[in-house]
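>>> Got a predicted structure plus its sequence, pasted below:
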Protein chains: 4
Amino acid sequence: MLRKKDFAAMTPPMGWNSWDCWATTVNEGQLLANAEYMEKNLKQFGWEYIVCDIQWSEPAPHPTAEDVYRHFPRLILDEYGRQMPAKTRFPSAAGGKGFAPIAQTIHEMGLKFGIHIMRGIPRQAVHEHLPVKGTAVTAEQVALPNSISCWNGDMYGLNPAVPEAQAYYDSIFELYASWGVDYVKVDDICNTNMYPNHPYSAEKEIEMIRHAIEKSGRSMVLSLSPGPAVIEKAWHLEKYANMWRITDDFWDDWKLLKGMFERCEVWQKHVSPGCWPDCDMLPMGRIGVGFGNERQSKFTFAEQRTMMTLWSIFRSPLMMGGNLPDCDEQTLSLLTNGEVLHLLQHAHGACQIDRTDTAAVWMSEDDEDGSLYVALFNLSDELQTVACPLEELGVSTIKAEVRDLWQKKNLGIVETELSAELPAHDAALLKLTIQ
Amino acid sequence: MLRKKDFAAMTPPMGWNSWDCWATTVNEGQLLANAEYMEKNLKQFGWEYIVCDIQWSEPAPHPTAEDVYRHFPRLILDEYGRQMPAKTRFPSAAGGKGFAPIAQTIHEMGLKFGIHIMRGIPRQAVHEHLPVKGTAVTAEQVALPNSISCWNGDMYGLNPAVPEAQAYYDSIFELYASWGVDYVKVDDICNTNMYPNHPYSAEKEIEMIRHAIEKSGRSMVLSLSPGPAVIEKAWHLEKYANMWRITDDFWDDWKLLKGMFERCEVWQKHVSPGCWPDCDMLPMGRIGVGFGNERQSKFTFAEQRTMMTLWSIFRSPLMMGGNLPDCDEQTLSLLTNGEVLHLLQHAHGACQIDRTDTAAVWMSEDDEDGSLYVALFNLSDELQTVACPLEELGVSTIKAEVRDLWQKKNLGIVETELSAELPAHDAALLKLTIQ
Amino acid sequence: MLRKKDFAAMTPPMGWNSWDCWATTVNEGQLLANAEYMEKNLKQFGWEYIVCDIQWSEPAPHPTAEDVYRHFPRLILDEYGRQMPAKTRFPSAAGGKGFAPIAQTIHEMGLKFGIHIMRGIPRQAVHEHLPVKGTAVTAEQVALPNSISCWNGDMYGLNPAVPEAQAYYDSIFELYASWGVDYVKVDDICNTNMYPNHPYSAEKEIEMIRHAIEKSGRSMVLSLSPGPAVIEKAWHLEKYANMWRITDDFWDDWKLLKGMFERCEVWQKHVSPGCWPDCDMLPMGRIGVGFGNERQSKFTFAEQRTMMTLWSIFRSPLMMGGNLPDCDEQTLSLLTNGEVLHLLQHAHGACQIDRTDTAAVWMSEDDEDGSLYVALFNLSDELQTVACPLEELGVSTIKAEVRDLWQKKNLGIVETELSAELPAHDAALLKLTIQ
Amino acid sequence: MLRKKDFAAMTPPMGWNSWDCWATTVNEGQLLANAEYMEKNLKQFGWEYIVCDIQWSEPAPHPTAEDVYRHFPRLILDEYGRQMPAKTRFPSAAGGKGFAPIAQTIHEMGLKFGIHIMRGIPRQAVHEHLPVKGTAVTAEQVALPNSISCWNGDMYGLNPAVPEAQAYYDSIFELYASWGVDYVKVDDICNTNMYPNHPYSAEKEIEMIRHAIEKSGRSMVLSLSPGPAVIEKAWHLEKYANMWRITDDFWDDWKLLKGMFERCEVWQKHVSPGCWPDCDMLPMGRIGVGFGNERQSKFTFAEQRTMMTLWSIFRSPLMMGGNLPDCDEQTLSLLTNGEVLHLLQHAHGACQIDRTDTAAVWMSEDDEDGSLYVALFNLSDELQTVACPLEELGVSTIKAEVRDLWQKKNLGIVETELSAELPAHDAALLKLTIQ
């Protein structure tokens, strides 16, 4: 009984997203440079999406300390109020070609192309009374005046009570399909607790978007932001979306990384093909440029390994945040460990075995050969040994052959208990072949 | 140590407000008809304000079952983005005269004139980039894109971090002063719990408005809506405003009226000259016309007496909601009981003596002769006797001469206990002269 | 990778519980009368548990309008502070035999026996400083003075920081195993939001109880109350318990039944063998006797069918609340529809297809033959037709043979859409064989 | 219209409380040593209360890192379940004399004596079924099994629905009156948000206690703890109590002190004779001994001056927490500044003029000569000048003669603006004589 949406994202999507490094300012050259790097260095490990994040229709983005978005910028819209890439930043979009040329270039590299949108219709279209394509109405008739984002001023939400609201979503997904878009990250829609006093119904907008994708005739991954998604609505997200953020924006801060263990704990039963609770982008390497806060990730290497280990065993989508052409060797090594990425793509049943304030243990099982994966995490600020009795894994055996996937070495036969001495904030990822 | 604001509203304001009857649709003829009725029938009892409620700059208001406001109407603005009365509804406003002619007419009757505004600046002014009077900036530079009302789509909040935001408020109060406005009801600003996820600071906007009033050089009563106001901010409201709503919109529904007893209980210590916690308009007589729900108030006469008694002893502002020219005799009798209104204007120290689910007792003290007022309320759905021992009033005497203010008759000497047999939802208001 | 707990309750438990009819007052005769009725009339349909609910150690329970529990009763305890059945009510318990004789009688009927306990240790044991079996400590050393139930005064919670707390739980489950108990309903432990200001850790007490069951050497179903369970802890409940209440106490009130649709919606992804979110007892037939409120269930027959349909397709445990010997024919017919109960025991993947304020649709799939079940619910107060397009079921076919399980008749071939005309609050349960 | 309660605490109570230094362990010698020090050094400045804090009936208090209270200790009770001072700690209590001898000694010094109690009746009395004095009932009949403190295990709350509950309170206040108690600090009763799921009604217990005081025939100050009190109940506290804590326990931590500015802001309108919102004890000097954490207050001298300034201008009760005989000169200087304490006792109308994250300004007015007090606070972590324009004080004058009360020197004539250069966390307190 497969639903149509299930054919997209049958394994956790892997790619690069422009936000962590370029914020609202990414341009065509940067997108393509990342695509080229991915083609050469990462594609063979399963990385495939190049995603252009927010405000590509803003011709002159100018983040400041006050706000990453200009107030009331004049966006580039077509005659139907649909956002178009700003030529100032994406020259190939000239002549109304939109993102089609960039998508084509990326497809020719064997990669896929994704874009970001905010739910709703541009306020500018509403106040200019632009027509909704394929209908007799104008924008102000499908918009809800009080349905806005609390952090970005571009859009009004669409009114589910008005049939032409669906037509507007249909019109933009028709456009994205015509460009060759493979992945759409829809924002201001995932955390349905965000607007308690609103007429806005996130559920209805999600459903309208799913229908628009289906009508477009093109398979597109549907990714929802921002988090934290609401666990009571897990069933709805699983039904209509492919990935949804389970956290607020994630950055290179140990407190946030440690907090992710609680979020994964809560969401562990909701991971399945086509349904990926999303731990957000990986802020590794060179980031923060577009925010005026350029830096190498403040995460230590141990923390980055912990992040990659948790995301992989939990099966979060993996979206690299740092600018790929600037990757150093160490960062690259974390992105290209085939044995770890095999787990991401080919294990199931991941669950938390234990979590305290200072340590966590997760396990999952290989789809193909039934071997087990066990991740040991040191969440404390000091060197310590983290252990897990074999019986906690629910196996009756007393012996297993163990391989360390990050060290890429066999550790021999283990009886009764797995353990690893781990520096502060570090992790080990072990593969067990039961004897 | 009087602050300037204290010279306005030294007693609870009394008047008529257009909302309960006319919603967004009131026009010049209706305003003046109410003023004329007030001049003839109510003025001698202290009634003086005629207040024009929301959206007087909307040329074609059209409440529907869905929403009392049209979505994205084209408002009448002057060249500085200031709302002007729509000539379609207020013919005397033609030629840029605004509300000056209406104010003058009302003043000539010996009455005062009030208007409603939403906090902020019209979205229309922002998206049209209109200049802010007296500054070098345009509207989009002083507005906050995410600071909106959750129930009306006309405005953006002003950004307290930008000095020209104060200039905008100055420009509108300068205009209102020039028109001769005596009372301003500022909306979407009082319940500071309404927008928990907002960049919006209600406190700052209230302060900006107070400063604008002071700069205008004209004394105007500052009334804040909607409620419920937040008790933690009582000190701020007392410092900057003259009245503030302590409830959400109040209508002719016993449940709401019964609920008001709890609200008055909470706010009883925050009533003083210039500082009037506001129980909202009196939905008596003919109401609901502008909502497409014309009716005589659903309150029974007993309930109306309870309402008038509570508002009066608590010293809420009294703003009649029903259309005055349609007043019947009984309604008029409630508005013209001089002894009751004397209490409203000349008593102090009102406090709740007792409240249960079925009854309440309040008392206050006359400023002039030290006599006491006691209100007895039957909150149950059946006839019952409500009583109050004299010792609960804190008086050491054992005797008092009692007068019933609604019945206008003396009850003689009472010892040890006051009591009244009251029909369901009815009230008695007694004046005690201590022997 | 089966955990031990999984061998209990591989299908949703079905039985009778004493609470809805007898409250705190059930006695040996009533328990056995229900067991005999079950053996004769229900056993062949899968009903098997007879569960004795709260306060069986209270010798003289006396519910009043104020409180269903006496304050500070003297409970029957053994020398280790363990509650024992009161001989006044359970004569066979004399001589320290506890529930063993009753369990044996029930087992001889081919049925199973369950009991209720509150988490913790009797306050009486604590204030009398009774020893904890197998340890050198006394009761006050393992109890937490501030960990109590907010609705029953018998117990103190156990202190997870003290090792002998586990010993106390071990001592009671050892006793229950010796009696032959098959099912334990642990109360005051499931809704972990109930005690926000507490030192009490529900999770730890649940884990201690699971360990005590494992140590006891007897398989017992672990049922947790009261609800609503907290969805964020679903993973923990699935790991340690067999059933957990997803609602507060459920009674014969349409509002509560309608509300269950939202609860089932939220929990739909957390149903699996050994893991049964629990909609609570079925208040059908003769109930309320022990509360001094004897009555026939206030549910209409339509409402009872709706309840049975929802519980069955969702796969809630089925615990009859009415006194079985008093069952009328109609009630019995709802408990003995083999085709409906087959669905309860042998379908999977139940999910909500649609829910509005007036209707709901659920589906699931037969484990054995792959046929589909569709339940149509009329949640409105009027007769209406509830429909579901076949394409909403995710099947590509356009035809299905349909059987109505409550009416026990074949409806023939259906194309494109299922539908049923349903009286207010009624339901239809259909089985589809895809053509 | 004075109520009886008003005759107690007509100015903010000043005294010493045993908690901050001795926790649960204070003894007779320590109480009297503090009284003697007070008589000699502080009495002339208005200090008068010696208050014995919690658990004086616990014979062997033994605070640990886990809990400051032993679990289930055996308290000293009389035959009516009333707590009696433990002779192990208060030898003069021998022979059933209770606190009478200590009270007498303290009275002979010209000082007053206070004690702490928890609301309710000892659990020990309940489980031992002790009689309630003057009634035919026993303790378990007046107690509520689910009404307990969340932080101390000694008591059950009293059941307001049972008339004999009042009798129990009457019996203890009769006893306290017979001892000569002048001040009672009732705990676990003030923060009525603490027990959201409770049958417990704090309001009713407060009223019972007030009535018991009135019946006792002795004037006693009624002090309620712990905080934060709930501002919605301010009217009730003002009616029944003399002081109530507006914070959770206050300790020598700058964050807590800085937080007090917000609490004083909220409560500023609720200070009047007999009604003193309470900022909690002054943790100055030698504290923490009874907690096993002996120390000199971690507050800097500047912070202590800020604390004394805020408490004084706000008119909080002043209860010294440090052990008086160990006072150093500097601490003593803060407790004996007559000009500052004059403000505490003889000013009114205190209000906050301004508060930001880095500074605050308060003012009040002298009852006697109408001069103004202005307190300037540096809440930042760096030296800064804090200023206040004279016009913010609401005075029309442009000149004032200024005296610095902490420095005890005249600063001459000030025009237009007051200001002070203040080290981090320091304060200035100025007296203004308007010219």
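It's in.
>>> Ramachandran coordinates for A:Ala420?
phi -150, psi 140 (degrees, to the nearest 10).
>>> Based on its surroundings, how many neighbours for it?
22 (other Cβ atoms under 10 Å in any protein chain shown). Every residue, glycine included, has its C-beta placed from N, CA and C.
>>> That one and chain C, how far apart?
22 Å (Cβ to the nearest Cβ, to the nearest Å).
>>> give me phi/psi at A:Glu205?
Taking degrees, to the nearest 10, you get phi -70, psi -40 for the backbone angles of A:Glu205.
>>> Might you report the residue contacts of it?
For A:Glu205, the contact set (Cβ atoms under 8 Å, 6 or more residues apart in numbering or on different chains) comprises A:Arg119, A:Gly120, A:Gly157, A:Leu158, A:Pro160, A:Ile189.
>>> tell me which element the residue nearest the centre of chain A falls in.
Residue closest to the average C-alpha location in chain A (Cα atoms, centre = their mean): A:Asp280, at 4.8 Å. Element membership of A:Asp280, judged by DSSP states H and E, is empty: it is in no helix or strand.
>>> if we can go back for a sec, state the pair within the contacts of A:Glu205 that is farthest apart.
A:Pro160 and A:Ile189 (12.7 Å; Cβ to Cβ).
>>> of the two, who's got more company?
The neighbour comparison of A:Pro160 against A:Ile189 (other Cβ under 10 Å) goes to A:Ile189, with 25 against 18.
>>> Show me which residues of the stretch 1-150 of chain A sit near chain D.
By the rule Cβ under 8 Å from any Cβ of the partner chain, no part of the stretch 1-150 of chain A lies against chain D.
>>> What ranges does the stretch 1-150 of chain A have for its helices?
Per DSSP state H, counting those that start in this stretch, the stretch 1-150 of chain A carries helices over the ranges A:19-22, A:28-41, A:100-108, A:123-127.
>>> so of the ones you listed, which one's packed in deepest?
Compared across the helices of the stretch 1-150 of chain A, helix A:19-22 shows the largest average neighbour count, a mean of 26 (mean count of other Cβ atoms under 10 Å in any protein chain shown).
>>> circling back to that earlier point, next one: the nearest residue to the residue nearest to the centre of chain A once chain neighbours are set aside relative to B:Ala60, how far apart?
Excluding the flanking residues, the one nearest A:Asp280 by Cβ to Cβ, 6 or more residues apart in numbering or on different chains is A:Phe250, at 3.7 Å. A:Phe250 sits 49 Å away from B:Ala60, going by Cβ to Cβ, to the nearest Å.
>>> And the two? Which one has more around it.
Ranked by neighbour count (other Cβ under 10 Å), A:Phe250 and B:Ala60 place A:Phe250 first, with 24 against 11.
>>> Is A:Gly98 in contact with A:Gln83, as I believe?
No: using Cβ atoms under 8 Å, A:Gly98 is not in contact with A:Gln83, being 9.5 Å away.
>>> my read is A:Arg263 is in a strand, agree?
No: secondary structure of A:Arg263 (DSSP: H, G, I helix; E, B strand; the rest coil): helix, not part of a strand.
>>> Chain C: which of the helices of the stretch 1-150 of chain A is closest?
helix A:19-22 (27.9 Å; Cβ to the nearest Cβ).
>>> Contacts for the closest one, please.
Here helix A:19-22 has contacts from A:30, A:53-54, A:116, A:251, A:281-283, A:286-290, A:321-323, using Cβ under 8 Å, 6+ apart.
>>> These in strands, which ones?
Those of those mapping onto strands are A:His116, A:Arg286, A:Ile287, per DSSP state E.
>>> which of these lies closest to A:Arg315?
Looking across the ones in strands among the contacts of helix A:19-22 and measuring by Cβ to Cβ, the closest to A:Arg315 is A:His116, at 22.5 Å.
>>> What is the burial count for A:Ser147?
Neighbours around A:Ser147, by other Cβ under 10 Å: 24.
>>> And for the one 5 residues further on?
For A:Asn152, the count of nearby residues is 18 (other Cβ under 10 Å).
>>> Can you tell me, leaving aside adjacent residues, what's nearest to it?
Nearest non-adjacent residue to A:Asn152, counting by Cβ to Cβ, 6+ apart: A:Tyr69, 5.4 Å away.
>>> residue contacts, that neighbour?
A:Tyr69 touches A:Thr24, A:Gln55, A:Glu58, A:Pro61, A:Pro63, A:Trp151, A:Asn152, A:Gly153, A:Asp154, counting by Cβ under 8 Å, 6+ apart.
>>> Make TSV out of these and add distance to C:His236.
Formatted as TSV, the contacts of A:Tyr69 follow (distance: Cβ to Cβ, whole Å):
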residue	distance to C:His236
A:Thr24	41
A:Gln55	41
A:Glu58	45
A:Pro61	45
A:Pro63	42
A:Trp151	33
A:Asn152	37
A:Gly153	41
A:Asp154	41
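>>> What residues sit buried inside stretch A:420-435?
The neighbour-count check on stretch A:420-435 (16 or more other Cβ atoms under 10 Å in any protein chain shown) flags A:Ala420, A:Leu422, A:His425, A:Asp426, A:Ala427, A:Ala428, A:Leu429, A:Leu430, A:Lys431, A:Leu432, A:Thr433 as buried.
>>> Those residues: which two are farthest apart?
It's A:His425 and A:Thr433 that sit farthest apart of the buried residues of stretch A:420-435, by Cβ to Cβ, at 28.5 Å.
>>> Next, give phi and psi for the residue nearest to A:Asn152.
Dihedral angles (degrees, to the nearest 10) for A:Tyr69: phi -110, psi 140.
>>> separation between it and B:Asn159?
14 Å.
>>> pLDDT wise, what is the residue of the stretch 251-400 of chain A at minimum distance from chain D at?
The stretch 251-400 of chain A approaches chain D most closely through A:Asp357 (17.3 Å), counting by Cβ to the nearest Cβ. Looking at A:Asp357, its pLDDT reads 95.
>>> If you drop the residues flanking it in sequence, what lies closest to it?
A:Leu379 (6.9 Å).
>>> Number of residues surrounding the one you found?
Applying other Cβ under 10 Å, I find that A:Leu379 has 22 neighbouring residues.
>>> Equivalent analysis for A:Lys87, please.
15.
>>> ditto for A:Lys408
Neighbours of A:Lys408 using other Cβ under 10 Å come to 11.
>>> Same check on the one 3 residues further on?
Counted by other Cβ under 10 Å, the residues lying close to A:Leu411 total 17.
>>> now the one 4 residues further on
Residues contacting A:Glu415 under the criterion other Cβ under 10 Å number 11.
>>> So it is in contact with A:Ile398, correct?
Yes: between A:Glu415 and A:Ile398 there is a contact under Cβ under 8 Å: 5.6 Å.
>>> intersection of neighbour lists for those two?
Contacts common to A:Glu415 and A:Ile398, judged by Cβ under 8 Å, 6+ apart, are A:Leu390.
>>> circling back: in contact with the residue nearest to A:Asp357, which residues are there?
A:Lys258, A:Phe261, A:Thr356, A:Asp357, A:Thr358, A:Ala359, A:Ala360, A:His425.
>>> Could you rerun that using 6 Å?
A:Lys258, A:Thr358, A:Ala359, A:Ala360 (Cβ atoms under 6 Å, 6 or more residues apart in numbering or on different chains).
>>> Relative to chain B, how far out is it?
From A:Leu379 to chain B the distance is 30 Å (Cβ to the nearest Cβ).
>>> Same check on A:Ala93?
A:Ala93 is 25 Å from chain B, by Cβ to the nearest Cβ.
>>> burial measure for that residue, as a count.
For A:Ala93, the count of nearby residues is 23 (other Cβ under 10 Å).
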